[in-house]
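Enquirer: Task: produce atomic coordinates for the following.
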Amino acid sequence: MRRLFRHCRHFFLALLIPAAALGAGLGAVGVLVTIAGAAPGRALLSLLRGAFGDLEGIGYTLFYATDYVFAGLAVALPFRAGLFNIGGEGQAALGGLGATLAAFALHGAPPVLVLAAATAAAAGFGAAWAFVPAWLQARRGSHLVITTIMFNFIAAALMTWLLARILIAPGLSAPETREFPPALWLPNLGDLGARIGIDAGAAPLNPSALMALGAAAFYWLLLRRTPLGYEIRAVGFNPTAARAAGIRVPRTLLVAVCGGGGFAGLIALNELFGAQHRLTLDMTSGAGFTGIAVALMGRGDALGIVLAAILFGALNQGGAALSFDVPNVTHDVVILAEGVAIFVCGALDGAVRGHLGRLLQTLRIAPTRESA
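Expert: Coordinates of the predicted model:
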């Protein structure tokens with residue numbers, strides 16, 4: 001009975017804070033919509049209809065969620081080791097570069113081999129871009145937040161130079177590579193719907209979504225079922241105690257941060273081979289920064305990250321539909337609502353989690369005292 005109560009208490013606390021954050025975000029949307037002169041109920045229905053009202057909307061929602069799962073894992077894994085990885089944007093961009101170079105280098109090889117090599121290159125380039133900030137944090141004490149932010153700017157400048165001077169497609173003025181061969185394009189929901197006679201529009205949802213779920217499962221297994229995962233969590237709880245227990249803290253920090261960079265690099269698979277079919281400067285579309293919110297709202301848990309990614313994917317897709325249906329309400333309103341949800345999620349964790357836990361403990365103990 002005591003164990004059951006402990007699990008119920010943990011489950012309640014895990015759900016209450018994200019639910020409160022979501023409610024606050026939707027409340028912010030309602031207030032802003034009212035200020036803009038529109039009906040909040042109509043705006044909310046429009047947002048939900050745009051995200052889940054038809055097969056095309058669902059496809060776009062899950063397509064965005066795929067990026068956000070990878071980006072959330074890129075933040076969550078180092079966070080479990082006590083570090084904050086803000087470099088998802090740069091790591092994803094370098095992952096796109098690695099995947100593109102692999103695709104061009106293996107031109108003419110079987111598509112399965114090319115896609116496998118591109119996947120390995122995307123994860124490898126993302127992890128390699130995270131290595132220097134990780135090494136500076138582990139060996140020199142340089143703050144990971146500062147170094148990863150700086151590396152985002154370096155990655156942006158590097159990608160601009162490469163796409164404008166080296167990799168640009170012949171005859172184009174836009175900084176982008178030439179298109180990948182159609183054999184490397186991942187099948188999407190729109191193609192599948194056309195084959196079976198169902199209108200799925202142009203939804204770019206593709207098998208990368210399954211890879212994102214696999215990455216989340218791998219993340220859970222790594223943390224909960226492996227010695228390395230135990231070391232990562234131990235370092236995150238108390239690095240001094242972990243060092244005293246014989247855990248090599250610098251090595252663990254390097255693995256956690258570079259692993260996060262590898263997750264970020266996998267964003268390229270969804271974008272390059274599932275939607276854009278070429279490397280562009282705006283490949284990530286800010287997914288690396290959204291991953292911070294996804295990791296926070298998901299509480300660093302694999303299932304929570306997947307659910308939070310779907311939520312932000314729905315806000316992204318539904319916000320675009322909302323701006324069309326209700327002209328007074330721009331997409332910035334939804335972005336502001338996401339910010340409110342992030343703020344509430346972060347604030348409630350430190351402000352009320354302890355009080356709620358004590359309240360639940362009191363409710364459990366009170367009947368025992370009365371019976372005594």
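Enquirer: Look up the closest residue to Ala200, ignoring the ones flanking it.
Expert: With sequence-adjacent residues excluded and distances taken as Cβ to Cβ, 6 or more residues apart in numbering, Ala200 is closest to Gly193, at 3.1 Å. (Glycine included, C-beta is placed from N, CA and C.)
Enquirer: So the one you found: helix, strand or coil?
Expert: Using DSSP: H, G, I helix; E, B strand; the rest coil, the structure places Gly193 in helix.
Enquirer: burial count for it?
Expert: Gly193 is flanked by 17 other residues according to other Cβ atoms under 10 Å.
Enquirer: right, and it touches Ala202 too?
Expert: No - checked against Cβ atoms under 8 Å, the pair Gly193 and Ala202 is beyond contact range at 10.1 Å.
Enquirer: about what we covered before: so how far is Glu271 from the residue nearest to Ala200?
Expert: 21 Å (Cβ to Cβ, to the nearest Å).
Enquirer: buried set for stretch 294-314?
Expert: Neighbour-count burial for stretch 294-314 flags 294-302, 304-314 (criterion: 16 or more other Cβ atoms under 10 Å).
Enquirer: Give me the subset of these lying in helices.
Expert: Using DSSP state H, the subset of the buried residues of stretch 294-314 located in helices is 294-297, 302, 304-314.
Enquirer: Pick out whichever of these sits closest to Phe180.
Expert: Proximity of those to Phe180 (Cβ to Cβ) peaks at Gly313, which lies at 24.3 Å.
Enquirer: how about that closest one, what does it touch?
Expert: Residues in contact with Gly313 (Cβ atoms under 8 Å, 6 or more residues apart in numbering) are Ala51, Tyr60, Thr61, Leu62, Phe63, Tyr64, Ala65, Thr66, Tyr68.
Enquirer: if you average pLDDT over stretch 69-82, what comes out?
Expert: If you average the pLDDT over stretch 69-82, you get 96.
Enquirer: how distant is that stretch from the center of its chain?
Expert: On the basis of Cα atoms, centre = their mean, to the nearest Å, stretch 69-82 sits 9 Å off its chain's mean C-alpha point.
Enquirer: Stretch 86-106 too?
Expert: Relative to its chain's centre, stretch 86-106 lies at 16 Å (Cα atoms, centre = their mean).
Enquirer: List the buried residues in that stretch.
Expert: Under 16+ other Cβ under 10 Å, the buried positions of stretch 86-106 are 86-103, 106.
Enquirer: Check stretch 67-75 too.
Expert: Neighbour-count burial for stretch 67-75 [16+ other Cβ under 10 Å]: Asp67, Tyr68, Val69, Phe70, Ala71, Gly72, Leu73, Ala74, Val75.
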